[in-house]
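Undergrad: model this:
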Amino acid sequence: MSDAPAPEEKLSYRLISGSDNREFCERISNALAEGYVLHGSPAATFNGTSVIVAQAVVLPAAIASADAAVAYAVDDLESAGEDLDFDGEGHA
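TA: Numbering: from 1, shown residues only. This next block holds a predicted model:
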């Protein structure tokens, strides 16, 4: 019997940030190799000394799960549509 800790479950979402250098690019490359996909555009800022960058990555299963949740919510709204009056200004 082993007392080794269970492997950590991968997070569905990660925001990787750091200095704009090779190490940052390697961290993104490693995340892609682990099955993550880029999510959104990268962000960059200057802290007075160096450029700091950030890139969100997500697991494809998280995207599929979120898409399914949105689809179910839309279906629920459409089926309740007869009961809702829309005033055209974002209020039901």
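Undergrad: Flag every buried residue along the lowest-mean-pLDDT helix or strand in the chain.
TA: Across the helices and strands of the chain, the lowest-confidence element by mean pLDDT, DSSP states H and E is helix 60-79, at a mean of 78. Across helix 60-79, burial judged by 16 or more other CB atoms under 10 Å covers residue 62. No exception for glycine: its C-beta is placed from N, CA and C like everyone else's.
Undergrad: remind me which residues of this structure are low pLDDT?
TA: 1-7, 81-87, 90-92 (pLDDT under 70).
Undergrad: repeat that for 90
TA: Filtered on pLDDT under 90, the chain yields the residue ranges 1-10, 61-92.
Undergrad: all helices of it, in order?
TA: Along the chain, counting by DSSP state H, helices occupy 22-33, 60-79.
Undergrad: Out of the ones you listed, which is closest to residue 49?
TA: helix 22-33 (15.3 Å; CB to CB).
Undergrad: Which residues does the least confident helix or strand of the chain contact?
TA: With CB atoms under 8 Å, 6 or more residues apart in numbering as the test, helix 60-79 has contacts from 12-13, 35, 37, 39, 84.
Undergrad: Could you list the residues in contact with the biggest strand by length in the chain?
TA: In the chain, taking DSSP state E as the definition, the longest strand is strand 37-46. Contacts to strand 37-46, defined as CB under 8 Å, 6+ apart, come from residues 13, 20, 28, 32, 51-60, 63.
Undergrad: Turn the contacts of helix 60-79 into TSV, including distance to residue 73 and neighbour count.
TA: Converted to TSV, these look like this (distance: CB to CB, whole Å; neighbours: other CB atoms under 10 Å):
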residue	distance to residue 73	neighbour count
12	18	15
13	19	13
35	27	11
37	23	13
39	20	15
84	13	9
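Undergrad: So residue 34 versus residue 71, what's the distance?
TA: 27 Å (CB to CB, to the nearest Å).
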